[in-house]
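> only geometry, no sequence info:
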């Protein structure tokens, strides 16, 4: 792309679109810097849980961050039945496609068992689960269905509105 073409590209971006430099030269510098940062952090704090990542409807419920409506349903269920848990922040290594990666299961129960809530099984999810050395409960639809149905029957299909309003 020519310098002029790049300038036109930048001009046509929406005002709220962020992340690009204003010149091709600056963009190359930005990409190089990001690449260096990623390489430096490859086996450190890079990867794993990132609040707000993913596709689900996100928010806070009673001071606990939820990354999806399924997580919200589980937290509501756990609170209703006095199940003790906390958001997990412990990272675990696993390999996928011959590359070392990091994974942070969703929650830790009071007995030390980790809990992961998944909508569907992917090859990467299977790799995480297969290589996990700790005790783990994975809730997918067949296991999750009763929890979800309980929450919907008690709080309605729009239970997602139970997220706390953020200022």
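Looks like it arrived, so ask away. From a predicted model like this one, the values you see are computed outputs, not experimental measurements. Residues are numbered from 1 along each chain as shown.
> residue ranges with poor pLDDT in this protein?
Low-confidence segments of the chain, defined by pLDDT under 70: 1-3, 5-22, 34-56, 166-167.
> so which residues of it form strands?
59-61, 64-66, 85-87, 92-96, 99-103, 107-109, 114-117, 136-139 (DSSP state E).
> off-centre distance for the third one?
Looking back up the chat, that one is strand 85-87. Mean C-alpha position of strand 85-87 versus that of the full chain (Cα atoms, centre = their mean, to the nearest Å) differs by 15 Å.
> packing partners of it?
strand 107-109 (3 or more Cβ pairs under 8 Å, 6 or more residues apart in numbering; DSSP states H and E). From N, CA and C alone the C-beta is placed, and that goes for glycine too.
> out of the strands of the chain, which one sits most buried?
Among these, strand 114-117 has the highest mean neighbour count (mean count of other Cβ atoms under 10 Å), at a mean of 20.
> what helices and strands are in contact with that strand?
If you count contacts as 3+ Cβ pairs under 8 Å, 6+ apart, strand 114-117 packs onto helix 69-80, strand 107-109, strand 136-139.
> show me what counts as buried in the longest one.
When you say that, I think you mean helix 69-80. Within helix 69-80, the residues that count as buried by 16 or more other Cβ atoms under 10 Å are 69, 70, 71, 72, 73, 74, 75, 76, 77, 78.
> ok, residue 29 to residue 4 distance?
Relative to residue 4, residue 29 is positioned 19 Å away (Cβ to Cβ, to the nearest Å).
> more crowded one of those two?
The neighbour comparison of residue 29 against residue 4 (other Cβ atoms under 10 Å) goes to residue 29, with 12 against 9.
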